[in-house]
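>>> I need the structure of the sequence given here:
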Amino acid sequence: MNGGDASLAWRAQEPRTPRGAGWRWLAGQLRQAGGLRVLTSFGLVVAVWEVVARTLVTNRLILVPASEVVVALVREAASGALWANTRVTLLELAIAFPLAVVGGVATGLLLASSRALRQLLDPLLTALYSVPVVAVAPLFISWLGLGLESKVAIVLLVSIFPIIINTEVGLRSTDPILVEVARSFCATRWQIFRTVMLPFSVPYILGGVRVAFARALVGVVVAEFFGAIAGYGYAVLAASQTFNTALLLGYVVILAVVGMLGSMGLRAWERRLAPWREPGDG
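Residues are numbered from 1 along each chain as shown. As a prediction, the model looks like this:
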């Protein structure tokens, strides 16, 4: 072995020094990296927002600094209006969204199990899914009144279709080889559904649930635009009518945070139920 080969062999046996925490954080190898990245991104957005609102966009009807938004939310919380609006909106979501999940999964199962039923209902579901919620919201108010029922119906209508579509697609996309293997072991239709088709479709279903949650937030705000006396949508509409840009943006930020937290929670649920989907997630 010559000198060059000996040098290479020595370097190969040399223990590698561990990379720094900063590099591992950028690579997502630290357990707390996800949370730190979220906080960092929020900090950057707030800083850029503050600078832009104070230097580039000085019209307070268009944009206000983030600090003024915080002050407006603190005043809203001190008056009790923030908590009243939060209670109303979260109650509507807590009733409508689970109904959408259960109804969407059940309808998707029926469509995937029957070709005749799918051909019968697909045009109707497509037509309903294409109707803008703003166009039908006044009808629901007329039919069900100004109370909780109309808001729940609107949110249910808006959020159920992504779950139906993803459930149907997930079940119909099951690998036929897996189904044939199960049949070769004399599995019944229920056993095939429970052990093959349902686990295969779980990521599809949970993906639809995540999309549905974002649509549910839009639906609840639109529903509260019509005839509501409390809620985030009512607060946004009232702030826009009084040109209170700081309070309007404050409620928009709250809605964004609620959507982000909901998506993170559903993503964590997806990792728990279908851990094979993200093997390298750290």
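
>>> pLDDT of stretch 150-157, averaged?
For stretch 150-157, mean pLDDT is 89.

>>> who's in contact with Ala66?
46, 49-50, 53 (C-beta atoms under 8 Å, 6 or more residues apart in numbering). Bear in mind the C-beta positions are built from the backbone N, C-alpha and C, glycine included.

>>> show me the helices in the stretch 101-250 of the chain, by range?
In order along the chain, the stretch 101-250 of the chain carries the following helices (DSSP state H, counting those that start in this stretch): 115-130, 133-144, 148-172, 176-184, 189-192, 198-224, 232-241, 245-273.

>>> looking at these, which is closest to Leu91?
For these, distance to Leu91 was read as C-beta to C-beta. The smallest value, 7.3 Å, belongs to helix 148-172.

>>> the closest one to helix 232-241, inter-axis angle?
Helix 148-172 and helix 232-241 meet at an angle of 120 degrees, taking axes from the mean of the first three to the mean of the last three C-alpha atoms, to 10 degrees as the criterion.

>>> now find how far off-centre helix 148-172 is within its chain.
13 Å (C-alpha atoms, centre = their mean, to the nearest Å).

>>> just the ones of the contacts of Ala66 in helices?
Counting by DSSP state H, the contacts of Ala66 place 46, 49-50, 53 in helices.

>>> Leu63 against Glu50, yeah?
No. Using C-beta atoms under 8 Å, Leu63 makes no contact with Glu50, being 10.5 Å away.

>>> give me the more crowded residue out of these two.
Leu63 (19 against 16; other C-beta atoms under 10 Å).

>>> circling back to that earlier point, do you know which of the helices of the stretch 101-250 of the chain lies nearest Thr107?
Among the helices of the stretch 101-250 of the chain, helix 148-172 comes nearest to Thr107, with 4.8 Å by C-beta to C-beta.

>>> tell me which other helices or strands the closest one touches.
Contacting helix 148-172 under the criterion 3 or more C-beta pairs under 8 Å, 6 or more residues apart in numbering; DSSP states H and E are the following elements: helix 81-113, helix 115-130, helix 133-144, helix 198-224.

>>> tell me who's in contact with Leu248.
236, 239-240.

>>> where's it relative to Val202, distance?
39 Å (C-beta to C-beta, to the nearest Å).

>>> for Ser240, same thing?
41 Å.

>>> equivalent analysis for Ala239, please.
Counting by C-beta to C-beta - Ala239 and Val202 are separated by 41 Å.

>>> so the two - more neighbours on which side?
The neighbour comparison of Ala239 against Val202 (other C-beta under 10 Å) goes to Ala239, with 20 against 16.

>>> contact partners for that one?
245, 247-248, 251.

>>> go again using 6 Å as the cut-off
Going by C-beta atoms under 6 Å, 6 or more residues apart in numbering, Ala239 touches 247-248.

>>> what does Val155 give?
96, 216, 219-220.

>>> Phe161 reaches Tyr129, doesn't it?
Yes. Under the criterion of C-beta atoms under 6 Å, Phe161 makes contact with Tyr129 at 4.4 Å.

>>> and these two? Which one has more around it.
Phe161 (21 against 14).

>>> can you tell me how far the more buried one is from Phe226?
Taking C-beta to C-beta, one finds Phe161 at 21 Å from Phe226.
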